[in-house]
Each structure stands twice: as C-alpha cells, then as structure tokens.
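Trainee: below are the sequence and a predicted model for it; my questions follow.
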Protein chains: 2
Amino acid sequence: MQQSFSYDHLYHFTHAVFTSIGCSNKDAAIASKALLSADLRGIDSHGVARLTGYIRLWEAKRVNATPAIKIVHETPSTAVVDGDAGLGLVVAPYAMLVAIEKAKNVGTGWVSVRNSNHFGIAGYHAMMALQYDMIGIAMTNASALVAPTFSIERMLGTNPIAVAIPAGNQPPFVADFATTTAANGKLELLQRKNADAPLGWVQDKEGNDSTDANELKKGGLLLPLGSDREHGSHKGYALGSIVDIFSAVLSGASYGPWAPPFPAYVPMPEDMPGKGLGHFFGAMRIDAFRPADEFKQHMDQWIERFRNAKPAGGHEKVLIPGDPEREMETIRMRDRIPLTESVINELKTVGEKFSLRL
Amino acid sequence: MQQSFSYDHLYHFTHAVFTSIGCSNKDAAIASKALLSADLRGIDSHGVARLTGYIRLWEAKRVNATPAIKIVHETPSTAVVDGDAGLGLVVAPYAMLVAIEKAKNVGTGWVSVRNSNHFGIAGYHAMMALQYDMIGIAMTNASALVAPTFSIERMLGTNPIAVAIPAGNQPPFVADFATTTAANGKLELLQRKNADAPLGWVQDKEGNDSTDANELKKGGLLLPLGSDREHGSHKGYALGSIVDIFSAVLSGASYGPWAPPFPAYVPMPEDMPGKGLGHFFGAMRIDAFRPADEFKQHMDQWIERFRNAKPAGGHEKVLIPGDPEREMETIRMRDRIPLTESVINELKTVGEKFSLRL
C-alpha cells in the first residue's frame, strides 16, 4: 500500500525534524533539500526512507547537529575539510562550495573531507557545479559490504561516483552510480517483492554464487561492478578502492573495512585509522579549458549523437546518463512522491518523538 | 612459436625506427620508453606489437614525427595542449609534465589534450606522477568499438582510465583498465588460440549475445563494463562517456563515433567535430591534502589490510591493483620479453623499410 506526498509537505516535515534535533534553520534547509533530491530523482533508498537512520545516528551521538565545519589544510586548488561529525547532508554542500570557490580562482578545486556522515546521493552534490558552468564530481566511501575480487571479506562500501557535465540546449549529463554491480537499494526492492536477485549481484559468505536477495543479512557480500574476474570485477574493485582512498586516506577519514557503519545499532569498528566517513569533491571551470559556449555546443552535439545512436531491438532509444532521474523529477514534482507503508510508519514514529505530524 | 628479446635490444630497435621516421633523439627515447612499458608490464597488445601500426599512421600522414606541441590555453591549475598530430607516446608525457608542474605550484594540475594519437598504456603516464609524491591520473578516448547500453552502434572506444597512488614501504597502487568488460587485446589472445569468448564481452551487429572471439571483424561490438543493463553496463557506458568528454570535448579533439581510427587503412570519419584523438591527465600533490609521510603510512596500512583480506576458496591472496603488472615487469626485465612469431615478422618488415635489423 502506497500513499503519496507533495515535495513541499515532505520538505517541511524533514526540515522540522532536523531543527528538532538542534540543526540551525539554514542547515535544516540544506539537509532537507539534499535528502529529498533522492526522492525526487527516484532513488528511493537514499531519500526520506533514510531519515530515521540519520536520527538514530544523532541519538547514538554519532551525528553532531551543530558542527563547526572547517577547512584544516588548503592550497590554491585543494582543501581538506573536517565535518566535525555533522550530517553529511550539510558537510558535503559546504565542501562542494569550497571546491567551486577554488575553481573560480585557479580553474579547478578539489576537496577531501573527513569526519563526516552519509551525504545522500552523490549526484546532488556534483550537480551543484552546473549553475557555475563547471563540471562537478562527488564521491564518498561507505560502510563495508563489498568483497574485493578473490575475497570473501567485506572491505569496501558501495562507494558511488557522480559526474555532472553542463550542456547548452540539452539537459546536463549526470552520471551517479555505485561502484558495485547493483546498489543495496536494488536488493531491498527485490526483498519486498520476495524475488530473487540476478546471478552476479551478491555472493554468500563462503564466496559462492547466490541469487538470494537477502544474502547480505546472512553474512553475504555485494560484488564489485563486473561481478566476477572474467567480467571485469577487478575494475569495479579498483574503482571502489580509488573512491575510498580519495575520500578517506587523502583526508584522514576512516577507510576500507573501518568505515563507520550506517546503522546506529552496529558497533563502530575497533582501531579506526581516521575520523568518520570521507568524501571527495571536484569542480572544474569549463572556461579553464575552452570557452564555455563552444564546449556546450559540442556537448549538445555529443548528447544528440548518442541519443540517436541506433537502438538495439526492443529498445526505443539510447539514454544519456541522468535522463531517467530527470524525467522522474519532473513527474514527482508535479504528481507527488509515493512512499511505502513502512517508510510512512517510520516517519510517523520519528515525528512523534518531536511532536511533529507527517 | 615464441622468441624473446632483452628490453635493451627492443629499446634500441624501437628508438632507431622512431628516429628513422624523423623523430628527434629525445622524442624517440620518450616514445620508446612509453611504448615498451606495455611489454614490460605484460600488456602485450599495447607494446611493440603496435609499432607497425604507428608507422603506418606516419606513412598515411596522420602522425607528425616533428610536432610543435604547445599549450593553447591555461589557468593556474589547468591547460589545453595541442599535440600537433604527434605520436601520443610523445604528446602524453609532455602533457603529464605540464600537469605535474601546475600541481607543484597550486596543488593540482589538469590537462586536456587534442590533436594527438594513441598514447600506449594509460598507466605509464599516470605513474609519472609517483616520483613527485603525487597521485597521477590518465585517460584517453579511442576508435569507436563499443555499444552504449541499449544500442547496436559503435559509439565509444575502450577508453581506459589509470590512477597511480604512491605508498610508503608498499609498492604504489596502480589501476589501469579499459572501461569495457574486456579489452580488445583479450579477444586477440582468444583468436590466436581459436577459443570462444565468455558471454558478456561482445554482441553481434544485431545486438545478440555472442561468444565469437572474432565478432568485431564481423561488425560486432564490445560491451561496456557490466556487460548488460542488469549487471550495470550503464555504469561502464557512463565511465567510457566521461573519459570521452574529458579527453575530447573539453580539449577540442574528435569524440565518440568520430574518434580517429587506429588502423591507418580505415578512412577517417566524415565531419569530424575536433582535431585528432584526445587525452586527459591529472596530478594531485599529496601534501596539498595532508603531509606526504602521513598519507603514505596510511596507504601502507590500506594496502596491507586489503592484501590480507580473507581470500575466497581456491585463491591464495587478494591482489592490489598494479600487483600483476609489477611482478611481470620484474620477470621481463630479468628474463627478456617474449614476442609471438607474427609480431616478430611485422617488426622485421618495419625494420627492413629503414635498413634496421631486429
């Protein structure tokens, strides 16, 4: 059973929850906008469905609602930001703006972040660069759920990468993907339907192939993009590792199997080598390379040519990264955002804590 | 039948071939070192096996042996380099050094290159940054052989990405991979053995699954990393697209299906939107983020932890990106480089053109 809510309704509720835990009005607005961008874009696993999880982290004193976010080291084109254990939804936009400011000055800006928490969807932060005629890049490490190639130990998170590239008349190119074959949210959808997962998404805890959508609850593991060695899983493993190193080793966050877990009931790893979760952001001014209007004309040509590539049988057209999410955003802004009964019940429970009605 | 040659022997031969087409001694040395790094690292498809191809491009007047490579636009952290149709093996190290110089000054350097040719292996160029305590990044677009998800048209090259990250006592982390499920060189190995390819590497020209290792010769296509939509091919397609856009749209090179073909007998595409092949390079100074020795200690810990991750049954250990290639380099430097009979015959034919003996 589903019920749907307007964006504004969910925004006001989310904003009120964040101010109830002590966030400033400004931070609550920043966090609500970042969080709800996932619901609008159809990435339901990363939107308000996670609000309860964020609040539990605050209750466990792992999220600081009034962080003193600051730059701890910088050069003209780089910075390391310490998030002071704030919501990643607040820390990430701060750090992305630092990258954008540096790009204004010297062409590009690159910011590695430590001592943060989950930041919602990577694409939202990367897209912040678009309005400045910049390419935006965002990535983050995450709780370990993924087996490196040839391993049966959880060593990496789903470690997503997002890249947003402006165009002219065409909408921007926005890639945003986990470096695993399938994101955890896809498994959750199958669990709800009691359906099997395709081979190549997960392995069991002994490293055997599995189609059990509940495998992660039994000690199983997600597989890197490529699924197995023969199909390039060493490339997905390398990509996830690069995200981990750029986000956490470069900043002084906790990396690999020591990344802090998202569920507040899971104890923190022992001997953590750094502080909190890590992110990495980049901004590249287009006109640091060539005139922006010239670049955009060519991006339009690139996009039009790919959109019109000869489709395979049974497919109407070739998609450009970002097409499905943008179309979903238009629909959900117009028609409301559907939420499942269990998400609604969770939100109601969170609301009751703070005397708020969904 | 195989015969093997010392590195020095092949170096002198390759150097002599490059000077014979008019390269300066310095450029011939730069190009030979870059080319042979592929043979040393075991990426046989990209080493001296390609020398004949480069010479044919010179004969077709598509390679300029005495290019005036220059920076055509720059900011403190960025540059666009025009390769003047030089060998990519010469243009790429030039551009990578520009990125490194900029990183010395402002923390990072980012260089997009147009009007170039194939540059050998991406990893070689990325690794140039290591000696400066920098992270190195290299990528390139290439002749279109790859189908975007849901398409049956060749729109992208194998568009590799390399990232080299320094460590302390441990050897560096060096990822270098095509953004396809399998590189073309892997198919060539199977063709020689008359063996089938695994499902998920190629599709036929109608878009059907295929295990024919000769499929590309019949109009078939390589598949993006992930193989099919269910296993994340849209992510490989996005990665290959990002490489194409950073390398070619940002620089003014020719992109997508218009990328110049490597075989000199294939006519150039009509209405090319830019000049030659494109590359993209990055250099990030470690101490632009945190003290280099501190970073290296953590990279050592990262590498040791991953190397000791619990292995899957039948596997002795987990590999770190760059391990197999580094081990091969040690072996081949010591024991000589094996070449197949057909590569040897091709090299002899090239040698005869310039009165050189292999």
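Mentor: Perfect, I can see it now.
Trainee: tell me where the longest helix sits in chain A.
Mentor: helix A:88-106 (DSSP state H).
Trainee: counting by contacts, list what that helix packs against.
Mentor: helix A:25-40, strand A:78-82, strand A:108-116, helix A:122-127, strand A:134-140, strand A:277-285 (3 or more C-beta pairs under 8 Å, 6 or more residues apart in numbering or on different chains; DSSP states H and E). No exception for glycine: its C-beta is placed from N, CA and C like everyone else's.
Trainee: can you list the strands that the shortest one pairs with?
Mentor: Strands flanking strand A:78-82 in the sheet, each with its direction: strand A:70-75 (antiparallel), strand A:108-116 (parallel) (DSSP bridges).
Trainee: now do the helices in the stretch 101-250 of chain A.
Mentor: A:122-127, A:184-192, A:233-244 (DSSP state H, counting those that start in this stretch).
Trainee: gap between the residue most central in space within chain A and B:Trp258?
Mentor: Nearest to the geometric centre of chain A sits A:Ile121, at 2.8 Å (C-alpha atoms, centre = their mean). Plainly put, A:Ile121 is 33 Å away from B:Trp258 if you go by C-beta to C-beta, to the nearest Å.
Trainee: low-confidence stretches in chain A?
Mentor: A:1 (pLDDT under 70).
Trainee: how about 80 then?
Mentor: A:1-2 (pLDDT under 80).
Trainee: A:Asp271: what secondary structure?
Mentor: coil (DSSP: H, G, I helix; E, B strand; the rest coil).
Trainee: in a markdown table, list the helices of the stretch 101-250 of chain A along with mean neighbour count.
Mentor: Below are the helices of the stretch 101-250 of chain A laid out as a markdown table (neighbours: other C-beta atoms under 10 Å in any protein chain shown):
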| stretch | mean neighbour count |
| --- | --- |
| helix A:122-127 | 28 |
| helix A:184-192 | 16 |
| helix A:233-244 | 27 |
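Trainee: tabulate the ones you listed (a markdown table), appending distance to chain B.
Mentor: Below are those laid out as a markdown table (distance: least, C-beta to the nearest C-beta, whole Å):
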| stretch | distance to chain B |
| --- | --- |
| helix A:122-127 | 11 |
| helix A:184-192 | 10 |
| helix A:233-244 | 4 |
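Trainee: could I get those as CSV with distance to A:Ser251?
Mentor: Formatted as CSV, these follow (distance: least, C-beta to C-beta, whole Å):
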stretch, distance to A:Ser251
helix A:122-127, 15
helix A:184-192, 24
helix A:233-244, 11
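Trainee: nearest to A:Val174, out of these?
Mentor: Comparing those by their distance to A:Val174 (C-beta to C-beta), the top pick is helix A:122-127, with 5.6 Å.
Trainee: my read: A:Gly282 touches A:Met134, true?
Mentor: No. A:Gly282 is beyond contact range of A:Met134, at 9.2 Å (criterion: C-beta atoms under 8 Å).
Trainee: show me which residues of the stretch 251-358 of chain A sit near chain B.
Mentor: A:251-252, A:255-257, A:273-274, A:284-286, A:288-290, A:295, A:298-299, A:301-302, A:305-306, A:309-313, A:315, A:317-319, A:321 (C-beta under 8 Å from any C-beta of the partner chain).
Trainee: cutoff 7 Å now
Mentor: Within reach of chain B by C-beta under 7 Å from any C-beta of the partner chain, the stretch 251-358 of chain A has these residues: A:251-252, A:255-257, A:273, A:284, A:288-290, A:295, A:298-299, A:301-302, A:305-306, A:309-313, A:315, A:318-319, A:321.
Trainee: can you tell me which of those end up in helices?
Mentor: Per DSSP H, these map to helices at A:295, A:298-299, A:301-302, A:305-306.
Trainee: which one of the residues you listed is nearest chain B?
Mentor: Distance to chain B, by C-beta to the nearest C-beta, is smallest for A:His298 among these, at 5.0 Å.
Trainee: which residues touch the closest one?
Mentor: B:249, B:273 (C-beta atoms under 7 Å, 6 or more residues apart in numbering or on different chains).
Trainee: cool, and A:Ile165?
Mentor: A:Ile165 touches A:135, A:172-173, A:299, B:245, counting by C-beta under 7 Å, 6+ apart.
Trainee: distance to B:Gly207 and neighbour count added to the residues you listed, as JSON lines?
Mentor: Below are the contacts of A:Ile165 laid out as JSON lines (distance: C-beta to C-beta, whole Å; neighbours: other C-beta atoms under 10 Å in any protein chain shown):
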{"residue": "A:Ile135", "distance to B:Gly207": "32", "neighbour count": "28"}
{"residue": "A:Pro172", "distance to B:Gly207": "28", "neighbour count": "22"}
{"residue": "A:Phe173", "distance to B:Gly207": "24", "neighbour count": "25"}
{"residue": "A:Met299", "distance to B:Gly207": "27", "neighbour count": "23"}
{"residue": "B:Ile245", "distance to B:Gly207": "25", "neighbour count": "26"}
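Trainee: distance to A:Thr180 added to these, as JSON lines?
Mentor: Below are those laid out as JSON lines (distance: C-beta to C-beta, whole Å):
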{"residue": "A:Ile135", "distance to A:Thr180": "24"}
{"residue": "A:Pro172", "distance to A:Thr180": "25"}
{"residue": "A:Phe173", "distance to A:Thr180": "22"}
{"residue": "A:Met299", "distance to A:Thr180": "28"}
{"residue": "B:Ile245", "distance to A:Thr180": "24"}
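Trainee: return the member of these nearest to B:Cys23.
Mentor: Out of those, the member with the shortest distance to B:Cys23 (by C-beta to C-beta) is B:Ile245, at 30.8 Å.
Trainee: relative to A:Glu294, how far out is that closest one?
Mentor: Where A:Glu294 is concerned, B:Ile245 sits at a distance of 14 Å (C-beta to C-beta).
Trainee: thank you, goodbye.
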